[in-house]
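S.K.: Make a model of this:
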Amino acid sequence: MVPTSSWSLSVINSSSRDSLVNFWLFAPEDQLETLWNSGYGEATSQLVRDLSTDFVFTSHQIEVRTSIGNFFNIHGLSHSLSPQLMIANFLLSPPGLLEINNVDSFFDTWLVSVYHKLYSSTSAASSTNDDSIGVMSPPSLDTLDFGPFPNSLHDLVNNRIHLNRLLGLANLYYIDPDDREIFSELSEIRSALSQLILNTNESDLQQLWASDFGERYWALVRSGIQAESLSESDQHLKSSVVEHLSPTNGGFGSPRSTNAFLVAMLFFLPGSMKVDDAQSKIPSWLYSNYSQIFASTQPG
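M.R.: Next up, the predicted model:
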């Protein structure tokens, strides 16, 4: 993707924070220490020190920080991606509000030193020895029992654990689509969610999508998981909803066509699906998101 604006380490301002977060998220693992000892590390340290406990982050920055926290909660701090994710997390975590327990056990000496310089002087030392991160990250999912996936969409809407898991996995996949464990979990959730959508009364859909669940659904649609090869069962599911929406089978406006369309968007990449005369066929409460995600990215 072509960048929309340029940035420079010689001029560090509020917009530099997102640029540096993205830089560290995709920095080469074997060059992290070298990069930290350059201007990138200096600029990052400056922006971390500019943070305060009442600093106002953008919604995107909060989303990225939550995704990183969910990654740590699922994979722990020993994952190969953890060092670069942690540096990115520094830029979104004010001193005094980030505490890593037993940090010396998980990171190389140079990164441990960086952490202590930025955070130890403003946060009390932890007396525990578990693999966890302090208050800037969500509660550790390692200690939570997810329980079975809800049996209905109504139950899912009221299940904060599974709602947050869905959002976290969608964001993590968007950040690192090569992580096969994340893909496997997200794919299983997509399949289960599709069945819940198909089994829901069509008249209830608008209200359900107006809840926090709607945000999770659109995060999954935007994640890019649709680019992956499908299992036989998922391919059958995709084909069945496409068939339901075809004019020969009633198409849009037929019973449960909205259910089928919602499932279809989970299996088609933005730009790869087009609905002719969409505004007259798609319910008004869905049209805006469809237009933003699908219609605006049609291939030329």
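S.K.: List the residues that contact the most centrally placed residue in the chain.
M.R.: Nearest to the geometric centre of the chain sits residue 171, at 1.1 Å (C-alpha atoms, centre = their mean). By C-beta atoms under 8 Å, 6 or more residues apart in numbering, residue 171 lies in contact with 63, 64, 66, 67, 70, 219, 223. Bear in mind the C-beta positions are built from the backbone N, C-alpha and C, glycine included.
S.K.: so what's it scoring on pLDDT?
M.R.: Residue 171 is assigned 81 on the pLDDT scale.
S.K.: quick check, it in a helix?
M.R.: Yes - under DSSP: H, G, I helix; E, B strand; the rest coil, residue 171 sits within a helix.
S.K.: Endpoints of stretch 167-185, how far apart?
M.R.: Counting by C-alpha to C-alpha, to the nearest Å, you get 12 Å between the two ends of stretch 167-185.
S.K.: quick check, distance from that stretch to the centre of its chain.
M.R.: 8 Å (C-alpha atoms, centre = their mean, to the nearest Å).
S.K.: List of residues touching the longest helix belonging to the chain?
M.R.: Assignment by DSSP state H gives helix 180-198 as the longest helix of the chain. Contact with helix 180-198 is made by 74-75, 149-153, 156, 165-166, 169-170, 172-173, 176-177, 205, 217, 220, 223, 225, 228, 231, 233-234, 237, 241, 256, 259-260, 262-263, 266, as judged by C-beta under 8 Å, 6+ apart.
S.K.: and the next element down the chain from that helix?
M.R.: Remark: after helix 180-198, the chain's next helix or strand is helix 205-209, criterion DSSP states H and E.
S.K.: Any buried residues in the next helix or strand after that next one, and which?
M.R.: Going down the chain from helix 205-209, the next helix or strand is helix 212-222, by DSSP H and E. Neighbour counts over helix 212-222 (16 or more other C-beta atoms under 10 Å) mark 213, 214, 216, 217, 218, 219, 220, 221, 222 as buried.
S.K.: Skip the chain neighbours and tell me the closest residue to residue 249.
M.R.: Among residues not flanking residue 249 along the chain, residue 243 sits closest, at 5.8 Å (C-beta to C-beta, 6 or more residues apart in numbering).
S.K.: cool, and residue 33?
M.R.: Closest to residue 33 by C-beta to C-beta, 6+ apart is residue 110, at 5.0 Å.
S.K.: quick one on the thing from earlier: between the buried residues of helix 212-222, which sits nearest residue 115?
M.R.: Nearest to residue 115 among the buried residues of helix 212-222: residue 219, at 29.6 Å, using C-beta to C-beta.
S.K.: I figured the closest one hits residue 168, correct?
M.R.: No - using C-beta atoms under 8 Å, residue 219 is not in contact with residue 168, being 9.3 Å away.
S.K.: State the mean pLDDT of the helix or strand residue 112 falls within.
M.R.: Assessed by DSSP H and E, residue 112 sits inside helix 109-115. Mean pLDDT, helix 109-115: 93.
S.K.: Pull out the buried positions in it.
M.R.: For helix 109-115, burial by neighbour count (16+ other C-beta under 10 Å) applies to 111, 112, 114, 115.
S.K.: The last one: what's it in contact with?
M.R.: The contact partners of residue 115, taken as C-beta under 8 Å, 6+ apart, are 86, 90, 100, 103, 107.
S.K.: distance of the residue of the chain most remote from its centre from residue 242?
M.R.: In the chain, residue 248 marks the outermost C-alpha relative to the chain mean, sitting 37.5 Å out by C-alpha atoms, centre = their mean. Distance, residue 248 to residue 242, by C-beta to C-beta, to the nearest Å: 12 Å.
S.K.: what do you get for residue 182?
M.R.: Taking C-beta to C-beta, one finds residue 182 at 27 Å from residue 242.
S.K.: confidence score at residue 271?
M.R.: 79.
S.K.: Got phi/psi on it?
M.R.: The phi and psi values for residue 271, taken as degrees, to the nearest 10, are phi 100, psi -10.
S.K.: burial count for it?
M.R.: Close neighbours of residue 271, defined as other C-beta atoms under 10 Å, add up to 14.
S.K.: hang on, isn't it packed against residue 294?
M.R.: Yes - counting by C-beta under 8 Å, residue 294 is a contact partner of residue 271 at 6.9 Å.
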